[in-house]
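Engineer: Just a sequence and a predicted model for now, questions to come.
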Amino acid sequence: MHHQSTRCTSLAFSAGLLLLGSASLVQATEGGVSSWPLGIENYGMGILPPPGTYGQLFIGNYLADTLRDNSGAKAADIDLRVTTLVPRFIWVTEQQVLGGNLGFHALLPLNDIRLNIKNGPHDHKRGIGDAHLGPVVGFHHSDKFHTAVGVDFVLPTGGEYDKNDLVNLGTNYYTVQAVYAMTYMDPHGFNADVRLMYDYNFENQDTHYQSGRELHADYTLGWGLGNGWVLGVGGHAYKQVSDDQCSASNCAAAAMVDAADGNRGSSFSIGPAVQYASKDGWLLSAKWQDESGVRNRTDGQAYWLKFTIPL
C-alpha cells in the first residue's frame, strides 16, 4: 500500500469521475475511479428501441465517507459528494447488421464535486466530464428477450486536467469499453437486466500511469405489476482484473504503483429499483444502491434517476 501522503495525492484524481466522466486515497485504477458510473443503468438496459431518435437524462448523487484498503479495512475518513447530470442522445437507424438494428449513442456529463479529507485539504469543482460515444447493435429475440452489443469510446474531455489538483473532472486518458447487454422483460411478471462491460484504459500522458483492465456489470431484477410499474432491486458488480502499470522512472511520485496487489479494486452494490413506463412512450426509473465488499476504493451510496423520451 501507499504511504498516507501518496494516498491523499491519488485521491486528487479520483473524485472527478466517480459518477461519470466520472475518490480514493488508495488507488484502484488511477485515483480509484472508473470511466463508467457504476450502477447508473436501470431496467431495459438491453433493449435498443425502434428506429428513431431518443433523449435520456440521468441524474445522480454519490455520497461517501470511507475509503477502504486492499483488505477492506478503513484507510481514511473522507467527505465526498458528487452530483451529476448526464444528457444522452440515442439514434437507432434502419440499417441491419447481422440481423440487428444499428444504433449510435453519445453522452456528456455535467459534474459538481466536493471533496474534504478529514484533517486535510478540500476542493470543489464543477464542469464537463468525459464524453462517451459509440455504436451498438440491438437484437429482439422475442417480445420479452432482447440483447445488445457495442463498443464505447471514452474521450478525455473533462475540463482542464492538473495532476496536482485534489479534484479533476476527467480521467485525462482514453478508454475503450466492450459492452454486452441483456433484458428479459415481462410487464406482468419477472424482469431481469444486465449490462456487462470490459474496459481497456490507455496511459495518462501527464502522469505516465496506465490503469488496469476492468470487468464490471450493472444489473436489475424486478417484477412487473401489469400497470406500467416494475419493482425490484438493482446495483453493480466491479472487479479490476489486471494491475495498474507505472514505475518510478516515468511516473509522478504520487502515482507510483508500489502495492503488491497492483492497486486492484473491487466493489458490489444493491438497493431498491423502480420503473414506470407510460402509455405515451416515456419511461422514468429510480434506484438507490449501497456499496459493500469494497477494496481500494471509496465506500458509499448512490442515487440515480433515469428519464427516457422519444424525440
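Structural biologist: Received, thanks.

Engineer: how close does the residue of the chain positioned farthest from its centre get to N191?
Structural biologist: For the chain, the residue at maximal distance from the C-alpha centroid (C-alpha atoms, centre = their mean) is S249, at 31.2 Å. Distance of S249 to N191, computed by C-beta to C-beta, to the nearest Å: 52 Å. Every C-beta, even on glycine, is put in place using the N, C-alpha and C of the backbone.

Engineer: Let me know whether M45 touches L196 as I believe.
Structural biologist: No. Under the criterion of C-beta atoms under 8 Å, M45 makes no contact with L196, lying 10.3 Å away.

Engineer: Looking at the two, which has the bigger crowd around it?
Structural biologist: M45 (22 against 16; other C-beta atoms under 10 Å).

Engineer: Now do that one, the pLDDT please.
Structural biologist: pLDDT for M45: 95.

Engineer: What of D65?
Structural biologist: 92.

Engineer: wait, what's in contact with it?
Structural biologist: Residues near D65 by C-beta atoms under 8 Å, 6 or more residues apart in numbering: 77-80, 299-300.

Engineer: And the buried ones among these, selectable in ChimeraX?
Structural biologist: With 16 or more other C-beta atoms under 10 Å as the criterion, this ChimeraX line picks the buried residues out of the contacts of D65:
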select :78,80,299,300
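
Engineer: re earlier: is the residue farthest from the centre of the chain part of a helix or strand, or is it coil?
Structural biologist: Recorded secondary structure, S249: coil (DSSP: H, G, I helix; E, B strand; the rest coil).

Engineer: try P37
Structural biologist: coil.

Engineer: And for the one 3 residues further on?
Structural biologist: Going by three-state DSSP, the secondary structure assigned to I40 is coil.

Engineer: That one reaches Q289, doesn't it?
Structural biologist: No. Using C-beta under 8 Å, I40 is not in contact with Q289; the gap is 9.9 Å.

Engineer: In its sheet, which strands sit next to the longest strand seen in the chain, and in what direction?
Structural biologist: Assignment by DSSP state E gives strand 74-97 as the longest strand of the chain. When pairs are called by DSSP bridges, strand 74-97 turns out to pair with strand 52-68 (antiparallel), strand 100-107 (antiparallel), strand 110-117 (antiparallel).

Engineer: Which positions within it qualify as buried?
Structural biologist: In strand 74-97, counting by 16+ other C-beta under 10 Å, buried: 75-76, 78, 80-84, 86, 88, 90, 92.

Engineer: where do the strands sit along the stretch 201-311 of the chain?
Structural biologist: For the stretch 201-311 of the chain, strands defined by DSSP state E, counting those that start in this stretch occupy the ranges 214-224, 229-240, 266-277, 283-295, 298-310.

Engineer: And these: which comes nearest N116?
Structural biologist: Shortest distance between N116 and these, using C-beta to C-beta, is found for strand 298-310: 12.7 Å.

Engineer: out of the strands paired with strand 74-97, deepest packed?
Structural biologist: strand 110-117 (a mean of 21; mean count of other C-beta atoms under 10 Å).
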